[in-house]
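Peer 1: sequence first, then the predicted structure:
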Amino acid sequence: MNTPTLSRRHFLQGAGALLVGFNFAGGPLALAARTVEPRAAIDKPLGTDRVHAWLAVTDDGRVIVYSGKVELGTGVETALRQIVADALAVHFDTTEIVQGDTALTPDQGYTAGSKTIQQGGARLRAAAATARGLLLAKAADRLDVASSRLVAADGEIRVDGDKSRVLRYADLIDEAGFDAPVDSDAEAPEARRFVGRSVPRVDIPDKVAGRFNYLQDLRLADMWHARVVRPPTTGTVRTPAVASIDRDSVGKNVEIVQRGAFVAVAAATEWAAMQAADDLSVQWADLEPMPDADTPFAAFDAAAGTGRVSAEAGDVEAALGDGDDVLSAEYDWPFQIHDSIGPSCALADVREDSATIWSATQGVYPLRSALADLLDRDERAVRVIYVEGSGCYGHNGADDVAADAALVSQAIGRPVRLQWSRADEHGWAPKGPAMRMQLRGRVKDGRVAAWAFENLTPSHLTRPGGGAGARNVLAGNLVHGTHASDRYVGGDRNAPADYRFDAYRVSTRWVDVADALLRCSALRTLGAIQNSFANESFIDELAAAAERDPVAFRLDHLDDPRARAVIETVADRAGWQARVSPQRREDSAPTPRTGRGMAFARYENEFAYVAVVAEVEVSDGDGIRVRRVVVAHDCGLIVNPDGLENQIEGNVMQAVGRTLKEAVTWDRTGVTSLDWAGYPILTFPEMPEVEIALIDRPDQPSTGAGEPASVPIPAAIANAVFDATGQRLRAVPLRWNGSA
């Protein structure tokens, strides 16, 4: 996308024209904070096995959907309503969702891993189809006809051919027995009215108009504002101690809160809290410096044990042999942040007998467990309510800031709003882990004869939950002098290549949390994007060694027809011309040089299929520019085509930025990339043109699309740079050094 530079002023000047098509009421940019109160809790089951845990029908025929999976900006609120509307045979407009509330919604764990439609959608479809069957059975009794003669549509059941004999769902609901088990095999209507259509997203109009209330916009009655005073070892794993606090360094109208190494201030206004945080004099002890190194890998290598084999076949070492035709390569990936445009925020109202926290967490129930431990409360006395935050791409600071706010509210005995600063977000939110991938391979007779993969990685999951209590929130670490619990998760995601090799071995060397240097956890795709960067770059290196076209070489190692289909589709859509990479050109050829590269991944080796072709320009002046990205995407049954395209486009843009620009920097004191100047992201003029080929498979279950399209992007770009220049770039962010 060759996008002209557009200033904020010009965007806002054009907003009126932009918004006309939405037919908005009121001004197009009506910004206002909103005072919030929790939705009244009702007596309903919260387990996942009964229909009425998921659905309710009101007297006026509205359908309330209770979802533990939440809207993170991905469009799932709209898609889940589409699924329920079809399965229950009601109109989409009569549905509404209550999401992520420990007093009202079932416990569905985290909204993560591209599992909302795949798992949450399937469960809601089953609950709605079960409810429809119950309503039909009750209507058959009331109307004294066989169920086969009944038609359910738009929240009514009528006798086929007799318009006078009609019952509303609301008329049947008290007798319908919604206190019944969810039948996972319940059949939804064959005809799809809403699923498969690009139903407009319900959240977009208010977001574009500035009327949407993100968590950052909410207020509580009589609340104070708070800020946390952090130790100077920004973002590091080790917890220091507080030596002393000069309480006279701030004004009298400021509350100071200290528990262990957790220090915060609270005041009646946000500005007063910010000033107090700057003014408070704290002396710290037991500060442990970061290693004096540009990368973490020497420290990782010293701390990690031997590799744990996760997949293997054949005798890899024998197949590799000891000849000079064995290829080896090492690929590095840096620590990265979540790029949320709005820093993390939370509201908390902790009282003697209850605690209510409003959070942008991805898991209200795991967070409740951590907060109950931190506050020393029974879990049943803690309520966590989800409110969408301004950007979420994994385990960012949302859980941590909720714990901060809860501690302060408990200490000062009043409602609290606590928002992190940009420096807090960049410095202290969990990072996507740095990783190193080492590969060896050998080609014989034009095919891969041996493949050996080993990576070095911290865990990609230190979220609340899993019995960790308060250990997996930052405030818990500071209060108790601990670090997050060790769970070796995510670093091996997509470590096995998706191809058929006769001899292969895949292993992972795990780095304990205490040795990870920075706080690490889940960032979009977990380890899939890193591992696929290595795998899909290395398969290209082997193709070049075999003097084979990269597309044909991949297809020769694939039997899965859906995998082959996405590769063939993207090659056709991109106009791929079969040849060996790199391009043959004179060394004196002027820049910019152009190249194309491709990559493929099946997410987690068992879900959505994605193939990508990237086209780049490489010049000595501008470096690497991605001009065009073509994506073929197969995630089974497509619920909302336009929403799916939105997700793919967002994945592409973020992954291009992660590939070319993003890396956390640090010195001996901790993280130094504490603003957008130190941590640049992709800008509008740098965005490529994106073309998408959706492969709909109505006969297959839906799988998630929140992450898969990110996975092959880095390798496709690196392979395109090689095609253009003959130079292999194996460290992200990719940097062109001006020689080929």
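Peer 2: Received, thanks.

Peer 1: count the residues that sit near the closest residue to residue 277 other than its chain neighbours.
Peer 2: In this structure, residue 277 finds its nearest non-sequential neighbour in residue 227, 3.8 Å apart by Cβ to Cβ, 6 or more residues apart in numbering. C-beta here means a position set from N, CA and C on the backbone, and glycine is covered the same way. Neighbour count of residue 227, defined by other Cβ atoms under 10 Å: 26.

Peer 1: go on, residue 351?
Peer 2: Quick note: residue 351 (other Cβ under 10 Å) scores 13 neighbours.

Peer 1: you'd agree residue 332 is in a strand?
Peer 2: Yes: assessed by DSSP: H, G, I helix; E, B strand; the rest coil, residue 332 belongs to a strand.

Peer 1: contacting residues for it?
Peer 2: When contacts are counted by Cβ atoms under 8 Å, 6 or more residues apart in numbering, residue 332 touches 295, 297, 434-437, 730-732.

Peer 1: can you check the pLDDT for it?
Peer 2: Listed pLDDT for residue 332 reads 99.

Peer 1: next one: it from residue 533, what distance?
Peer 2: 10 Å (Cβ to Cβ, to the nearest Å).

Peer 1: one more: residue 612?
Peer 2: The gap separating residue 612 from residue 533 is 12 Å, by Cβ to Cβ.

Peer 1: can you lay out the contacts of residue 332 as TSV showing pLDDT, secondary structure and distance to residue 646?
Peer 2: Below are the contacts of residue 332 laid out as TSV (pLDDT from 0 to 100; DSSP: H, G, I helix; E, B strand; the rest coil; distance: Cβ to Cβ, whole Å):
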residue	pLDDT	secondary structure	distance to residue 646
295	91	coil	35
297	97	helix	36
434	98	coil	30
435	99	strand	28
436	99	strand	33
437	99	strand	31
730	99	coil	32
731	98	strand	31
732	99	coil	25
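
Peer 1: can you pick the most crowded of those residues?
Peer 2: Top of the contacts of residue 332 by neighbour count (other Cβ under 10 Å): residue 435, with 28 neighbours.

Peer 1: that residue touches residue 491, doesn't it?
Peer 2: Yes: counting by Cβ atoms under 8 Å, residue 491 is a contact partner of residue 435 at 6.8 Å.

Peer 1: give me the number of residues near residue 685?
Peer 2: Neighbour tally, residue 685, other Cβ under 10 Å: 11.

Peer 1: check what pLDDT it gets.
Peer 2: On the pLDDT scale, residue 685 is placed at 96.

Peer 1: cool, and residue 237?
Peer 2: 90.

Peer 1: what's the neighbour count on it?
Peer 2: Residue 237 has 20 nearby residues by other Cβ under 10 Å.

Peer 1: may I have the phi/psi pair for it?
Peer 2: Backbone torsions of residue 237, given as degrees, to the nearest 10, read phi -70, psi -40.

Peer 1: next up, the contacts around the nearest residue to it once chain neighbours are set aside.
Peer 2: Leaving aside its sequence neighbours, residue 237 sits nearest to residue 483 (Cβ to Cβ, 6+ apart; 5.3 Å). By Cβ under 8 Å, 6+ apart, the contact list for residue 483 reads 237-239, 471, 477, 513-514.

Peer 1: again, only using 6 Å
Peer 2: By Cβ atoms under 6 Å, 6 or more residues apart in numbering, the residues touching residue 483 are 237, 477, 513-514.

Peer 1: relative to residue 355, which of these is nearest.
Peer 2: residue 477 (20.1 Å; Cβ to Cβ).

Peer 1: distance check, that closest one against residue 519.
Peer 2: Distance from residue 477 to residue 519, by Cβ to Cβ: 8 Å.

Peer 1: how about residue 408?
Peer 2: 21 Å.

Peer 1: comparing those two, which shows the higher neighbour count?
Peer 2: residue 408 (29 against 25).

Peer 1: not counting its neighbours along the chain, what's nearest residue 236?
Peer 2: Take residue 236 and drop its neighbours on the chain: the residue closest to it by Cβ to Cβ, 6+ apart is residue 670, 5.1 Å away.

Peer 1: for that neighbour, give the beta-bridge partners.
Peer 2: Beta-bridge pairing for residue 670 (DSSP bridges): residue 667.

Peer 1: what's near enough to touch it?
Peer 2: Here residue 670 is in contact with 233-236 (Cβ under 6 Å, 6+ apart).

Peer 1: show me where the stretch 351-500 of the chain has strands.
Peer 2: In the stretch 351-500 of the chain, strands defined by DSSP state E, counting those that start in this stretch lie at 355-359, 382-386, 416-419, 435-444, 447-458, listed in chain order.

Peer 1: closest to residue 706 out of these?
Peer 2: Smallest distance to residue 706 across the strands of the stretch 351-500 of the chain (Cβ to Cβ): 16.4 Å, for strand 382-386.

Peer 1: mean confidence score for the longest helix seen in the chain?
Peer 2: Counting residues, the longest helix found in the chain (DSSP state H) is helix 122-143. In this model, helix 122-143 carries a mean pLDDT of 96.

Peer 1: pairing partners for the helix or strand that it is followed by, with directions?
Peer 2: The helix or strand immediately downstream of helix 122-143 is strand 150-153, counting by DSSP states H and E. Strand 150-153 pairs in its sheet with strand 156-159 (antiparallel), by DSSP bridges.

Peer 1: by how many degrees do whichever helix or strand comes after the strand it pairs with and helix 122-143 diverge?
Peer 2: Going down the chain from strand 156-159, the next helix or strand is strand 162-168, by DSSP H and E. Relative orientation of strand 162-168 with respect to helix 122-143: 120 degrees, computed using axes from the mean of the first three to the mean of the last three Cα atoms, to 10 degrees.

Peer 1: follow-up on the earlier one: adding distance to residue 104, write the strands of the stretch 351-500 of the chain out as TSV.
Peer 2: Conversion of the strands of the stretch 351-500 of the chain to TSV gives the following (distance: least, Cβ to Cβ, whole Å):
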stretch	distance to residue 104
strand 355-359	13
strand 382-386	9
strand 416-419	23
strand 435-444	39
strand 447-458	36
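
Peer 1: let me know which of the ones you listed is the nearest to residue 121.
Peer 2: Nearest to residue 121, of all these, is strand 382-386, at 17.7 Å by Cβ to Cβ.

Peer 1: any regions of the stretch 451-600 of the chain where pLDDT drops low?
Peer 2: By pLDDT under 70, the weakly predicted segments of the stretch 451-600 of the chain are 587-589.

Peer 1: tell me where the stretch 501-650 of the chain has strands.
Peer 2: Using DSSP E, counting those that start in this stretch, strands in the stretch 501-650 of the chain cover 504-511, 593-602, 609-619, 623-634.

Peer 1: can I get these in TSV including distance to residue 183 and mean neighbour count?
Peer 2: Formatted as TSV, the strands of the stretch 501-650 of the chain follow (distance: least, Cβ to Cβ, whole Å; neighbours: other Cβ atoms under 10 Å):
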stretch	distance to residue 183	mean neighbour count
strand 504-511	39	23
strand 593-602	31	25
strand 609-619	30	26
strand 623-634	29	23
